[in-house]
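Engineer: Starting from these lines, generate the structure:
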Amino acid sequence: MSKTLINIAINGAFNRIRGMVSAKIFSERIGRELFVIWEEDKVNCNCRIGDVFDYNGNESLWKHTSLDKIKELFKIDPLEKRGKIEVNDKLLIIYPEINPEKGIQYYVNDIKNSNHDCVIIINNENFYDPDMGLGKFISEKQKIYNSMKLIEPIYKKLNHDLKNMSRIQLTNLNVNQDENVTLPQKYISLHLRGGDFRPPKSLSGLIPEIDQIVSELLKNCNKYQIKDVFISHNDKNLFRDVLNKLLGHNLNVFYIGRETERTERKNYSGALVDWLILSKSFLVVYFAFSSFGYEATIPNLLTKSVELPQKLWGEWFPIDNIKSNIPKFTMQFNRKNKVSLERDLYYKKLLDIEKLCNGKNIITKKNILEIITSNSGFD
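Structural biologist: Below you'll find the model as predicted:
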């Protein structure tokens, strides 16, 4: 009997997808057969795997199973406890704790060196075998993204939406709006992550201010002489605020008027179409901690993309020198210190927020840590 790796995908859609892709790369390196479990989550990802992937088109990537089958086979609920759990000599479960230093990457060697017949990981993160190097990992991810088969209705919707955009022409004198316009071949994309990721004033600094978003977008439009901008958003108010700031800058803003709220299953095809459009752009301006934005830079290696207010995914999993002759990334001492320092400062900021929110019905440090370290709601 072959040894297996079972990846239980959790949280938002692209938290799940990036974890599944990472598990595919890793399983091949350690010689384990990969199974994936994708259960509906009415808060973070209210869709079935069949609403996203073509079962027949992805047989070479992974096989599917269910949580009920795992519970029946092993007489255990793998989601019950966090940490590294050796159930017996045949089963190892890895469910990372809510701790920024102990994500799935922390347990890579435990998985790699395990002699258990089955290893189950509960995962929503990128992770890789350090022996292959980050450069090779990103390259393999790119190949998988470009070979994955989504369900046919998504591609049909993509072809339709590319030719039926709404366009707002922002000139110095007036604003013109057209419907059923074709998106140009060359454009810059802006992914506005609003909704549940638009914090109160006490959280300012953790995501970009509107002025920074607009400034960065305009800087890149001017730098690369591109006037066509596609904006994907899940927050109409944030979209309106950004448009108001762009008035008078002679841009053509393309968008699709639809809902992308993740609690509604019917919205997922539209969200995936948006992601495909982002992935085909010249560059993407996106929010830090947005797996939706960062992962869109992978299929075509959009190395000029910008993460705001600072690089996080782009720092930890850089794509900018993927085509160099260097066989693998080596995290230099200064880069290690920089990443560590950014994390320390980030979580120190959360402690400050807890003090600000103390005694108020806003949000607690514990809740924020659960959101950030699991990326729930940050897709």
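Engineer: got a list of contacts for the helix or strand hosting residue 253?
Structural biologist: Taking DSSP states H and E as the definition, one finds residue 253 inside strand 251-255. The set of residues that contact strand 251-255 without belonging to it, under C-beta atoms under 8 Å, 6 or more residues apart in numbering, is 165-170, 181, 183, 187, 221, 227-233, 239, 243, 246. Every residue, glycine included, has its C-beta placed from N, CA and C.
Engineer: Tell me where the model's unsure across this structure.
Structural biologist: 1, 57, 99-100, 172-174, 195-206, 259-263, 321-379 (pLDDT under 70).
Engineer: can you pull out the strands in it?
Structural biologist: 4-9, 33-38, 63-64, 83-86, 91-95, 118-123, 165-170, 175-181, 188-192, 228-233, 251-255, 283-287, 306-308 (DSSP state E).
Engineer: Helices of this structure, residue ranges please.
Structural biologist: Ranges of helices within the chain are 13-30, 67-74, 108-112, 133-147, 152-162, 210-223, 236-246, 268-279, 291-295, 313-316, 333-357, 365-374, based on DSSP state H.
Engineer: and of those helices, who's closest to residue 98?
Structural biologist: With C-beta to C-beta as the measure, helix 365-374 is the member of the helices of the chain nearest residue 98 (5.2 Å).
Engineer: before we move on, the earlier item: what angle do the strand holding residue 253 and helix 152-162 make?
Structural biologist: Taking axes from the mean of the first three to the mean of the last three C-alpha atoms, to 10 degrees, strand 251-255 and helix 152-162 form an angle of 150 degrees between their directions.
Engineer: Pairing partners for strand 251-255, with directions?
Structural biologist: Strand pairing for strand 251-255, using DSSP bridges, gives strand 165-170 (antiparallel), strand 228-233 (parallel).
Engineer: what inclination does the last one have with respect to helix 268-279?
Structural biologist: So that's strand 228-233. With the same axes, to 10 degrees applied, the angle from strand 228-233 to helix 268-279 works out at 140 degrees.
Engineer: Kindly report the same for the first one.
Structural biologist: Taking the same axes, to 10 degrees, one finds that strand 165-170 is oriented at 50 degrees with respect to helix 268-279.
Engineer: which residues sit against strand 165-170?
Structural biologist: Counting contacts by C-beta under 8 Å, 6+ apart, the residues outside strand 165-170 that touch it are 175-183, 230, 243, 246-257.
Engineer: same deal with the last one?
Structural biologist: Residues external to strand 228-233 that are found in contact with it (C-beta under 8 Å, 6+ apart): 165, 183-184, 186-192, 194, 217, 221, 239, 242, 251-256, 260, 274-275, 277-278, 281.
Engineer: Alpha carbons of it, in PDB - could you do that?
Structural biologist: The C-alpha atoms that make up strand 228-233 are tabulated as PDB, following Å, rounded to 0.1, in the frame of the first residue of the first chain:
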ATOM      1  CA  ASP A 228      -6.400  51.100 -19.000                       C
ATOM      2  CA  VAL A 229      -7.100  49.800 -15.500                       C
ATOM      3  CA  PHE A 230      -9.200  46.800 -14.500                       C
ATOM      4  CA  ILE A 231     -10.600  47.000 -10.900                       C
ATOM      5  CA  SER A 232     -11.800  43.900  -9.100                       C
ATOM      6  CA  HIS A 233     -13.500  44.600  -5.800                       C
END
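Engineer: one step back: buried ones among the contacts of strand 165-170?
Structural biologist: If you count burial by 16 or more other C-beta atoms under 10 Å, the buried members of those come out as 183, 230, 243, 246, 249, 251-256.
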